[in-house]
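> Predicted model and sequence below, questions to follow.
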Amino acid sequence: MRSPGRSAALLGLLFGLAGMSTSAVTVTLPELAGELQVDAATSAWMISGYTVALAVATPAYGRIADMVGIRWPLVLGIGALALGALASALAPSFAVLMVARVLQGAGAAAIPVLATALVSARWSGAARGAALGRIAGVAATLGSLGPLVGGGLEALGGWRLAVALPVLGALAIVPLWRVSPTEGTGERVDGIGALLVAFAASGMVLLLQSPSSGVVTASVGAVLLVVGAPLLALRVRLRPHGFLPREIVTNTTVLRSAFAAAAVPASWFALLLGVPLAAASWGWSPLDTGTLLVPGAIIGFLSPVVASRLLGRIGPRRTLAVACPTAVIALLVAATGALLQSPALLVAAVLLVNCAFGIGQPAMLSSVGAAVRADQRGVALGIATLLFLTGASVGAALVGGLAGVIGVAGALGVLVVLPLAGLTVLLLGGPDRVAVEEPVPA
């Protein structure tokens with residue numbers, strides 16, 4: 001079987017471009033806000049809107065891939081990512097920009113879950129672990145370089161050039177088309193279940209963003225969450241094989257791993273937004289801020305090896321138990337750096353959070369993949385990635401919503417609760433499940 005090296009590198013590139021859709025843009029928000037005549041709090045919605053769409057669309061791709069195969073959902077997602085980036089770069093107003101960013105996020109949602117499903121479908125054992133580690137490593141590297149690239153592009157051609165960067169993802173369509181499976185179950189998608197997931201997740205993120213956005217945002221978020229969450233629970237009970245299969249959402253290993261891992265992207269996205277906001281308040285240019293964060297890219301080169309070794313020696317659960325306290329330390333160091341106006345502490349924080357991300361994501365994917373049968377892997381990874389990326393939305397929303405109220409340092413300090421909660425769940429939870437595949441009839 002062909003080595004996963006090339007495909008893993010391409011998937012990591014796409015994952016990195018999806019991350020750079022945030023990291024490369026955060027440093028340009030002041031210029032963007034000025035040109036489109038919105039305030040700083042409103043401009044932060046460009047990040048939150050993208051991450052909300054990214055989170056809520058993720059499980060849909062996993063479910064669709066189970067039914068029709070990976071190829072078409074992956075290609076359409078990459079196409080939407082590129083089209084949304086192009087439309088964002090050409091947007092004449094902030095309203096048009098937000099629509100384009102939501103399209104971009106909805107397209108990018110295909111990448112995390114389908115990248116994992118593709119690797120799981122094509123490779124196993126050590127090759128699978130190495131591929132997942134490479135994907136995370138390339139993604140972490142590009143995410144860390146995002147502020148530098150965004151700052152450089154902003155200096156060359158303004159914020160629109162930085163926003164257009166994910167258009168490059170279209171170059172990966174042809175090579176990934178060739179290796180993507182086309183087999184599926186042929187079942188229909190539970191549209192009502194998918195809609196209720198979107199309602200509940202969007203409501204939570206809107207509530208978190210509301211401190212800086214006002215009563216209307218809080219009210220809409222509360223309605224979506226209060227209505228969506230109970231109806232979603234009822235839908236799972238009445239339709240156990242629907243969009244969220246009951247067997248998956250009651251799998252304690254899937255839920256525990258995803259919840260604990262969600263604290264890692266929450267911390268990562270919080271720093272991707274918080275560090276540029278802090279640096280901008282010191283009078284730094286986008287290029288200066290991007291240069292400050294370059295050392296974090298080093299971790300991307302090292303994390304695949306580290307993740308592979310940790311997963312092999314201590315297993316996914318203990319690897320997650322290493323990632324969570326690393327994220328705690330990163331947030332505390334970043335909060336201190338923002339408070340003391342210390343660039344060195346911010347660099348150290350980004351290094352630490354990239355370490356946590358580089359080992360936390362493959363650990364979650366490995367844990368979830370081992371806990372379910374092969375025919376359920378796509379939807380299980382979709383649900384786990386939904387929680388994982390909802391964590392990213394929470395991180396961006398909390399910083400965007402609280403930074404203007406209690407400052408960047410205060411917002412980062414509040415976020416410490418999330419990785420602490422994740423670590424607690426890992427330490428106090430029961431044993432992990434290991435799926436037993438049914439024998440194939442002779």
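It's in.
> going forward, measure contacts between C-alpha atoms and count neighbours the same way
Will do.
> after the host helix or strand of residue 386 comes which helix or strand?
Using DSSP states H and E, the element containing residue 386 is helix 377-415. Downstream of helix 377-415, the next assigned helix or strand under DSSP H and E is helix 417-428.
> buried sites along that following helix?
418, 419, 420, 422, 423, 425, 426 (16 or more other C-alpha atoms under 10 Å).
> For that helix, the averaged confidence score.
Mean pLDDT, computed over helix 417-428, is 90.
> and residue 431, how many neighbours?
Neighbour count for residue 431, taken as other C-alpha atoms under 10 Å: 10.
> And residue 370, by the same measure?
Residue 370 is flanked by 18 other residues according to other C-alpha under 10 Å.
> any idea which element it lies in?
For residue 370, the element it lies in under DSSP H and E is helix 343-371.
> could you give the mean pLDDT of that helix?
86.
> tell me the angle of it relative to helix 377-415?
Orientation of helix 343-371 against helix 377-415 (axes from the mean of the first three to the mean of the last three C-alpha atoms, to 10 degrees) gives an angle of 150 degrees.
> that older thread, in the helix holding residue 386, what's buried?
377-403, 407-415.
> and the helix or strand hosting residue 175, how far from the chain's centre?
In this assignment (DSSP H and E), residue 175 forms part of helix 173-179. Centroid separation for helix 173-179 versus its chain: 23 Å, with C-alpha atoms, centre = their mean, to the nearest Å.
> contacts for it?
By C-alpha atoms under 8 Å, 6 or more residues apart in numbering, the residues outside helix 173-179 that reach it are 7, 10, 71, 75, 78, 79.
> Show the average pLDDT along that helix.
83.
> angle of the helix or strand following it against helix 377-415?
Once helix 173-179 ends, the next helix or strand along the chain (criterion: DSSP H and E) is helix 191-209. Per the same axes, to 10 degrees, the angle that helix 191-209 makes with helix 377-415 is 10 degrees.
> what is the mean pLDDT for helix 191-209?
Averaging pLDDT along helix 191-209 gives 78.
> tell me which residues in it are buried?
For helix 191-209, burial by neighbour count (16+ other C-alpha under 10 Å) applies to 193-209.
> likewise stretch 104-124?
104-123.
> just checking, which of the residues you listed belong to strands?
Taking DSSP state E, every one of the buried residues of stretch 104-124 sits outside strands.
> Let's see the helix holding residue 175 as PDB, backbone CA atoms only.
What follows is helix 173-179, C-alpha atoms only, in PDB (Å, rounded to 0.1, in the frame of the first residue of the first chain):
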ATOM      1  CA  ILE A 173      -8.400  18.800  -5.100                       C
ATOM      2  CA  VAL A 174      -7.000  16.700  -7.900                       C
ATOM      3  CA  PRO A 175      -4.400  14.700  -5.900                       C
ATOM      4  CA  LEU A 176      -6.900  14.000  -3.100                       C
ATOM      5  CA  TRP A 177      -9.600  13.100  -5.600                       C
ATOM      6  CA  ARG A 178      -7.500  10.200  -6.700                       C
ATOM      7  CA  VAL A 179      -7.000   8.700  -3.300                       C
END
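> buried residues in it?
Quick answer for helix 173-179 (16+ other C-alpha under 10 Å): 173, 176.
> dump the residue contacts of the residue minimising distance to the centre of the chain.
Centroid-nearest residue in the chain, with C-alpha atoms, centre = their mean: residue 389, separated by 3.9 Å. Residues near residue 389 by C-alpha under 8 Å, 6+ apart: 51, 54, 55, 262, 265, 266.
> dump the residue contacts of the second one.
Contacts of residue 54 were listed using C-alpha under 8 Å, 6+ apart, and they are 102, 105, 106, 107, 108, 109, 389.
> again with the third one
For residue 55, the set of contacting residues under the criterion of C-alpha under 8 Å, 6+ apart consists of 109, 201, 385, 386, 387, 388, 389, 390, 393.
> In the residues you listed, find the pair that's most separated.
For the contacts of residue 55, the farthest-apart pair by C-alpha to C-alpha is 109 and 201; their separation is 14.0 Å.
> any chance you could map the helices in the stretch 51-200 of the chain?
For the stretch 51-200 of the chain, the helices defined by DSSP state H, counting those that start in this stretch occupy 71-90, 94-108, 110-122, 125-157, 159-163, 173-179, 191-209.
> any chance of those in a markdown table, with distance to residue 334 too?
Converted to a markdown table, the helices of the stretch 51-200 of the chain look like this (distance: least, C-alpha to C-alpha, whole Å):
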| stretch | distance to residue 334 |
| --- | --- |
| helix 71-90 | 30 |
| helix 94-108 | 27 |
| helix 110-122 | 27 |
| helix 125-157 | 15 |
| helix 159-163 | 25 |
| helix 173-179 | 37 |
| helix 191-209 | 20 |
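> quick one: which of those is nearest residue 22?
Proximity to residue 22 (C-alpha to C-alpha) singles out helix 125-157 among those, at 8.0 Å.
> Now residue 150. Nearest residue, chain neighbours left out?
Excluding its sequence neighbours, the residue lying closest to residue 150 (C-alpha to C-alpha, 6 or more residues apart in numbering) is residue 24, at 4.1 Å.
> Name the surrounding residues that touch stretch 25-41.
Residues contacting stretch 25-41 (C-alpha under 8 Å, 6+ apart): 43-44, 47, 92-94, 146-147, 150-151, 154, 158-159, 162-163, 212-213, 272-273, 276-277, 286-287, 289-290, 400-401, 404.
> Tell me the spacing between residue 99 and residue 293.
29 Å (C-alpha to C-alpha, to the nearest Å).
> right, I mislabeled it, should have said residue 22
When residue 22 is compared with residue 293 (using C-alpha to C-alpha), they lie 14 Å apart.
> for residue 106, same thing?
27 Å.
> Mind putting the contacts of residue 389 into CSV with distance to residue 430 and pLDDT?
CSV is the format used below for those (distance: C-alpha to C-alpha, whole Å; pLDDT from 0 to 100):
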residue, distance to residue 430, pLDDT
51, 31, 74
54, 31, 78
55, 27, 70
262, 19, 88
265, 24, 85
266, 25, 87
